[in-house]
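Asks: I would like the atomic coordinates for the input below:
(one chain, ligands or ions: 2)
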Amino acid sequence: MRTSIATVCLSGGLVEKLHACAAAGFDGVEIMDSDLVAAYESPEEIRALCARLGLRIDLFQPFRDFEGVDELTLLENLRRARAKFEVMQRLGTNMMLLCSNVATATVAEPEVAAEQLGRLADLAAEYGISIAYEALAWGKYVSDYRDAWRIVELADRANLGICLDSFHVLSRGHDPSGIEAIEPDKLFFLQLADAPAFDMDVLSWSRHHRLFPGEGSFDLTGFLSHVLLAGYRGPLSLEVFNDTFRQTDVQRTAAHALRSLRWLSDRTAARNGWEDLQIAVPQPPRAFDFVEIAGEDLAPVEDLLNKLGFSFGGGHRSKPVRLWRAGDAHVILNEQHRAPGTRLAGVGFVVEDAAAAAKRALAIGAPPAFRRTYEGEYPLPAVSAPDGTGVYWNSQSAADSWLVEFQGGESPTAQGNLQGVIDHINLAYPWQEFDEAVLFNTSALALDAAPSADLPGPRGLVRSQVMRTADGAVRLAMNLAPPTAPLQPRHVAVRVSDAIATARQAKGRGLSFLPIPANYYDDLDARFGLDPELIADLRALDLLYDRDESGAFIHFYTPMIGDVFFEIVERVGDYDGYGAANAPVRLAVQRSDGQ
Ligand SMILES: O=C(O)c1ccc(O)c(O)c1
Ligand SMILES: [Mg+2]
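Replies: Numbers count the residues shown, from 1 in each chain. Ligands and ions are numbered 1, 2, ... in the order given. Reported below is the predicted structural model:
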């Protein structure tokens, strides 16, 4: 399927945008008049640039508010149209987008709109131009694609057809199955956008909050299925008005945008069993394989893990890499990275088919990860997430694969050694990278988005979005940090069977946890009326607690080392959350701790 993108999605000037679209690998572009008007280059120069870059100008949007008007206004609109058709000839494009009138229409009758659009189409025909008519969700008289189709049918001109835009159909809750009733040769153009499930006026929602497919909550694979089943074979074009993407790096956003289309066409093909359009079967992770922490000097991390009760799993036989483990929770400490600071550098997942997972991620446009591998090392296919984190896949368990490369470790099951698994990893993102990361986690990691929440922190609201497997074995808790937050910390949560005992032992070994205010425990007691012994333990050990109808959650946080810290969690019963009610306390305490 051919891919296209509206220049309004991107930041910068028109020439910059075109270069970025070509570099990302798009086949074509939609150009908005305002982008051309603000450019010094002539239409001929833009045409030549697009030709040189291998980009087709699939669509041009020169003006709006045409139909449903009085005769005098119509004559003026036709004059405007003629001038723009001349520009389109110079640009070398023959498809014009016309949105339904949102402002100047005074006549509601579809027959009048049809007659006027017919006159526009006849004028366009003199220039060899076709018109794609699009119902905007807030159009004055035409706001439903089915009404737009009725008008196009009434006008009955060969060069007048429909532009469908997923936002306008799905934001209004209109049934997309009616698309299949439109004649295929009248489906002139397709614009795609996702959006979060907001309850707000459609105009603001559309102009500021659209997202790339896979990042919001619209059923876009369902929508695209109807369009393709209707017989549409034109380009899939992204039209995403979003305040963030208009400010972010144009090259990076264009690459991000193309990934969303690749994901969408793959998932739509899978939904319909169109095998030749599918990339590879998604590989939802079965478990975390390991986390990798990188830094120049990781002795403080080793000290912390030791005090938590982790056991030393050995040194790598050929590189400055050491393993610490709490049962199946594997933490790899890598000192071969030169960059200063201590950070979470990689995450490994156990999947059914590691090669298929990597193939999908690469096809979707994730860059391959470059890492030093040595002879005899177990090969783990890998890519880089957009933020540079290494992602590794393993079809085997650690014990059956890379674990043997570590030598000189102690027995992980020896008396006193902590047993656990990685419960979740918490990742903070700067505001401009959040949606891109959601798309990566959906498309490359085959994780599903749980509903997002806003958590109050001392520097502002923290948007929190958990992405997980259905069974909860792998969970990534993503936070969009407020712009003024100094750090983008990440933490690894290890689940144990007895967090109170773990805390007591760790304190006994001299580990200090985040000190929790006494007020917190007074409030906890007021809310839950806890057993006096339990509240005394929680208080004495600086533990956090939550409870809901399915169970309870006991957890605590270690101090931060570089950009990394650990959390120990215990899930009681079927508790499935993350102690969200405690996050404001944690964020406030970390701040007053200078972290
Ligand atoms: O918000 C708008 O004006 C606008 C313009 C063109 C479109 O294709 C669209 O979907 C919205
Ligand atoms: Mg549109």
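
Asks: tally of neighbours for Arg56?
Replies: Arg56: 17 surrounding residues under other CB atoms under 10 Å. Glycine gets a C-beta too; all of them are placed from N, C-alpha and C.

Asks: Quick one: neighbours of the residue lying closest to it once chain neighbours are set aside, just the number.
Replies: Distances taken as CB to CB, 6 or more residues apart in numbering place Gly28 nearest to Arg56, at 3.8 Å, with adjacent residues excluded. Neighbours of Gly28 under the rule other CB under 10 Å: 21.

Asks: Gly28 and Thr3 touch, don't they?
Replies: Yes: shown here, Gly28 and Thr3 form a contact pair, counting by CB atoms under 8 Å, at 7.3 Å.

Asks: so what sits against both of those two?
Replies: Shared contacts of Gly28 and Thr3 (CB atoms under 8 Å, 6 or more residues apart in numbering): Pro235, Ser237.

Asks: Which residue does the stretch 1-150 of the chain have closest to ligand 2?
Replies: Closest approach between the stretch 1-150 of the chain and ligand 2, counting by CB to the ion: Glu134, at 5.5 Å.

Asks: anything in stretch 83-98 near ligand 2?
Replies: No: Stretch 83-98 stays clear of ligand 2 (CB under 5 Å from the ion), getting no nearer than 7.4 Å.

Asks: Mind listing residues that contact that stretch?
Replies: 30-31, 33, 36, 42-44, 46-47, 50-51, 57-64, 66-67, 117, 120, 123-124, 126-134, 163, 188-189.

Asks: Repeat that for stretch 355-363.
Replies: Contact with stretch 355-363 is made by 262, 266, 279-283, 349, 351, 368, 381-383, 391, 393, 395, 443-446, as judged by CB under 8 Å, 6+ apart.

Asks: Now that we have the residues you listed, which of them are buried?
Replies: Those of the contacts of stretch 355-363 that meet the buried threshold are 262, 266, 279-280, 282-283, 349, 351, 381-383, 391, 393, 395, 443-446, by 16 or more other CB atoms under 10 Å.

Asks: Strands of the stretch 101-250 of the chain, start to end?
Replies: Secondary structure of the stretch 101-250 of the chain (DSSP state E, counting those that start in this stretch): strands at 130-134, 160-165, 187-192, 236-238.

Asks: As TSV, these with mean neighbour count and mean pLDDT would be great.
Replies: Output for the strands of the stretch 101-250 of the chain, formatted as TSV (neighbours: other CB atoms under 10 Å; pLDDT from 0 to 100):
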stretch	mean neighbour count	mean pLDDT
strand 130-134	24	98
strand 160-165	25	98
strand 187-192	24	98
strand 236-238	26	98
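
Asks: Excluding covalently adjacent residues, which one is nearest to the residue of the stretch 1-150 of the chain closest to ligand 2?
Replies: Cys163 (3.9 Å).

Asks: May I have the beta-bridge partners of the residue nearest to Arg56?
Replies: On the basis of DSSP bridges, Gly28 is bridged to Ser4, Arg56.

Asks: show me the contacts for it.
Replies: Taking CB under 8 Å, 6+ apart, we find Gly28 in contact with Arg2, Thr3, Ser4, Ile5, Leu55, Arg56, Ile57, Asp58, Pro235, Ser237.

Asks: among these, which are in reach of ligand 1?
Replies: Taking CB under 6 Å from any ligand atom as the test, ligand 1 is in contact with none of those.

Asks: Now compare those residues and name the two farthest from each other.
Replies: Spatially, the most separated pair among the contacts of Gly28 is Thr3 and Ile57, at 13.9 Å (CB to CB).

Asks: what helix or strand is the nearest residue to Ala581 once chain neighbours are set aside on?
Replies: Of all residues not flanking Ala581 in the chain, Asp546 sits nearest, at 5.7 Å (CB to CB, 6+ apart). In the assignment (DSSP states H and E), Asp546 maps to strand 544-548.
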